[in-house]
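**Student:** can't give you the sequence, but here's the structure:
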């Protein structure tokens, strides 16, 4: 299925929400809940819903779309640098003890959320 309409993004987003909810309940029920895994499923569902919202605006590759993408990536870069600094400080002061793979998963999820959130905000502004 190609992602060529809002409906397709919405359907895939619903599937990811169902996976998110089922993994959460199964994790709670079996006492093996992984917050980072749940965060990644939530990130994927957020990605689909924001992609569906942005699809009609981004399918036209005009100057407005390029401006939104460029400014969004700039703001996201600043936010990701802030995320890295915070995670580094929390890890160095032993407030959080994360393995490298966990830190990368958290940064990846936060990056996806930040990029798409900035695009949604900027698409409303411009």
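**Tutor:** Noted; the coordinates are in hand. It should be emphasised that the depicted structure is a prediction, and the values quoted were computed from it without experimental measurement. Numbers count the residues shown, from 1 in each chain.
**Student:** residue 68 reaches residue 121, doesn't it?
**Tutor:** No: applying Cβ atoms under 8 Å as the test, residue 68 and residue 121 come out as separate, 9.4 Å apart. C-betas here are computed from N, CA, C, even on glycine.
**Student:** neighbour count winner among these two?
**Tutor:** With neighbours defined as other Cβ atoms under 10 Å, residue 68 and residue 121 compare such that residue 68 has more, 22 against 14.
**Student:** tell me, what's the model's pLDDT at that one?
**Tutor:** pLDDT recorded at residue 68 is 94.
**Student:** same question, residue 58
**Tutor:** 88.
**Student:** excluding residues flanking it in the chain, which one is nearest it?
**Tutor:** residue 65 (5.4 Å; Cβ to Cβ, 6 or more residues apart in numbering).
**Student:** elements contacting the helix or strand hosting that neighbour?
**Tutor:** Using DSSP states H and E, residue 65 sits in helix 63-92. Packing contacts for helix 63-92, counted by 3 or more Cβ pairs under 8 Å, 6 or more residues apart in numbering; DSSP states H and E, involve helix 35-58, helix 100-125.
**Student:** ok so, going back, surely the residue nearest to residue 58 meets residue 54?
**Tutor:** No: when contacts are counted by Cβ under 8 Å, residue 65 is not listed as touching residue 54 (9.2 Å).
**Student:** hmm, back to that, give me the neighbour count for the residue nearest to residue 58.
**Tutor:** Residue 65: 17 surrounding residues under other Cβ under 10 Å.
**Student:** measure it to residue 57 for me?
**Tutor:** According to Cβ to Cβ, to the nearest Å, residue 65 stands 7 Å off from residue 57.
**Student:** one more: residue 43?
**Tutor:** With the distance defined as Cβ to Cβ, residue 43 ends up 21 Å from residue 57.
**Student:** which of the two has more neighbours?
**Tutor:** Remark: of residue 43 and residue 57, residue 43 carries more neighbours, 21 against 16, as counted by other Cβ under 10 Å.
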